[in-house]
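1. based on what follows, work out the 3D shape:
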Amino acid sequence: MRLEQLTSRIFYYPHQPETVRPMLAYINGSRISLAIDAGNAAAHVDEFYGALEEADLKKPDITVITHWHWDHTFGMHHIHGLSAAHVKTNEMLEQERTRTGWGYWYGPLSAWTAGTVY
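-> Here you go, the predicted model:
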């Protein structure tokens, strides 16, 4: 899958419904870069970063999480840089982690949201 370009600074990695992978977006700022959402798995993050590299774009400095659903957050443990989410999103992630046993697979929430900005 290729990275699509919307403007000179805004790119997106298309939605992949067959693998429940949401669209991921990237803003190439003059000083920092920003990703929107972390995807559904480490492999999704790797594909996205590979597409960024092919487009000669650096890995994001910050990844903003739009909401707590698994297909937008399960790649958080694999992102480069900081993550940012609304405090309510983080509360929902913590609730889900403890309810479903995410910790078994992904470790404590603090380990994969280290550096999170609220």
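2. helices and strands of this structure: which one has the lowest mean pLDDT?
-> One helix or strand of the chain scores below all others by mean pLDDT, DSSP states H and E: helix 109-112, with a mean of 46.
3. so the residue most central in space within the chain versus Asn28, what's the distance?
-> Centroid check for the chain by Cα atoms, centre = their mean gives Ala38 as the closest residue, at 1.3 Å. For Ala38, the distance to Asn28 (Cβ to Cβ, to the nearest Å) stands at 18 Å. (Glycine included, C-beta is placed from N, CA and C.)
4. over to His78?
-> To Asn28, His78 is 21 Å away according to Cβ to Cβ.
5. same deal with Met76?
-> 21 Å.
6. same thing with Gln16?
-> From Gln16 over to Asn28 (counting by Cβ to Cβ), the distance is 22 Å.
7. how about stretch 22-34: buried residues?
-> For stretch 22-34, the neighbour count (16 or more other Cβ atoms under 10 Å) marks 22, 24-28, 33-34 as buried.
8. among those, which one sits closest to Asp61?
-> Of all these, Asp61 sits closest to Ser33, with 5.4 Å by Cβ to Cβ.
9. give me the phi and psi angles of that closest one.
-> phi -120, psi 150 (degrees, to the nearest 10).
10. that one reaches Lys58, doesn't it?
-> Yes - Ser33 lies in contact with Lys58 (Cβ atoms under 8 Å); the separation is 5.8 Å.
11. where does pLDDT dip in the chain?
-> Filtered on pLDDT under 70, the chain yields the residue ranges 100-118.
12. the buried residues of stretch 22-34 in helices, which ones?
-> Under the assignment DSSP state H, the buried residues of stretch 22-34 contribute nothing to helices.
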